[in-house]
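What would the 3D arrangement of this be:
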Amino acid sequence: MRTRPMLDGPAPDAPAAATGGLDDVEGVLAGGGVVVLSGAGLSTESGIPDYRGVTGTLRRHTPMTYQEFVGSGDSRRRYWARSHLGWRTITRARPNAGHYAIASLAAAGYVSAVITQNVDGLHRAAGSGDAVELHGSLDRVRCLDCGHTSRREELDRRLRAANPGFEDAGARLNPDGDVELAEGLEAGFRVVACEACGFGTLKPDVVFFGENVPKPRVERCYEHVDEARALLVLGSSLTVMSGLRFVRRAAKTGKPVAIVNQGPTRGDAHAAVRLDAPLGSTLTRLADRLGCAPRR
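As a prediction, the model looks like this:
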């Protein structure tokens, strides 16, 4: 069940003719002041699948909406049963070469800010501790009734105690940390309430389909883009407006946009440079060229 804003807008922006090579992307980075906007494609090399690639999970399952989650106890049970198992895989995921390269580029002053659409926390784990997590993070849980926020590890402990032996070895991981379970397996799963207030409904602190990104977070991202010299998009199809708006903002204000992604994106029409290449090796080469080889 994907936990992202709903797809908006009519048709994708028209594709652009602009292409480029590694030299062109290096040229964008070399001037410094570059904001990185990352998407699910950056985390595939860490074992977390993407959404819209050839094997993207939106081809196989229907995402849950925020309205479903808050409106149905059965829907919440289904979500938490699947997320409970998927969380174990997410916690084992480690940053890949791309994450470390971005952190090195930021430490060297080439990257001024990181905005990520991912909810896996891998930018933080790689050293980009101030990355703006546009869609939140799976390692936090929020009570919809009292607003209390807690660590996901605490909820995991309580769910394990409430559901001893609950597992499905054949479960397939989805990008936002839940899994695909055998039909009916989640029916007996026990959901727990908020410990702070004793009755509240718990939700992962991420943005679901049909839910808006908090306005202060969006404004912070706009500020990063406005203060930047250029925007570098990494591993995002830019299909949803939550990320595409920053590309449009940069292009509208005359800032160069570079996109590195495997496959076309909705923002290609705004790109001065467009490179179709794997991210881990590409970003590592860029960092090496700029004299800031990633450290792990």
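
which stretches of the stretch 1-150 of the chain form helices?
Shown for the stretch 1-150 of the chain, the helices assigned by DSSP state H, counting those that start in this stretch span residues 22-30, 66-71, 73-92, 97-107, 122-126.

Would you convert the ones you listed into a markdown table that also reports mean pLDDT and distance to residue 281?
All C-beta spots, glycine's among them, are computed from the backbone N, C-alpha and C. Formatted as a markdown table, the helices of the stretch 1-150 of the chain follow (pLDDT from 0 to 100; distance: least, CB to CB, whole Å):
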| stretch | mean pLDDT | distance to residue 281 |
| --- | --- | --- |
| helix 22-30 | 97 | 10 |
| helix 66-71 | 95 | 37 |
| helix 73-92 | 88 | 23 |
| helix 97-107 | 97 | 7 |
| helix 122-126 | 96 | 16 |
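
Compare these and give me the one nearest residue 204.
helix 73-92 (6.8 Å; CB to CB).

most neighbours per residue, which of the helices of the stretch 1-150 of the chain?
Each of those was scored by mean neighbour count; the highest is helix 97-107, a mean of 25, by mean count of other CB atoms under 10 Å.

for that helix, packing partners?
The elements that helix 97-107 packs onto, with contact taken as 3 or more CB pairs under 8 Å, 6 or more residues apart in numbering; DSSP states H and E, are strand 34-38, strand 111-116, helix 122-126, helix 279-289.

Next, format the helices of the stretch 1-150 of the chain as JSON lines and append distance to residue 136.
JSON lines is the format used below for the helices of the stretch 1-150 of the chain (distance: least, CB to CB, whole Å):
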{"stretch": "helix 22-30", "distance to residue 136": "28"}
{"stretch": "helix 66-71", "distance to residue 136": "12"}
{"stretch": "helix 73-92", "distance to residue 136": "13"}
{"stretch": "helix 97-107", "distance to residue 136": "18"}
{"stretch": "helix 122-126", "distance to residue 136": "13"}
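
Out of the ones you listed, flag the one nearest residue 165.
Checking the helices of the stretch 1-150 of the chain against residue 165 by CB to CB gives helix 73-92 as the closest, at 12.2 Å.

No further queries at this time; thank you.
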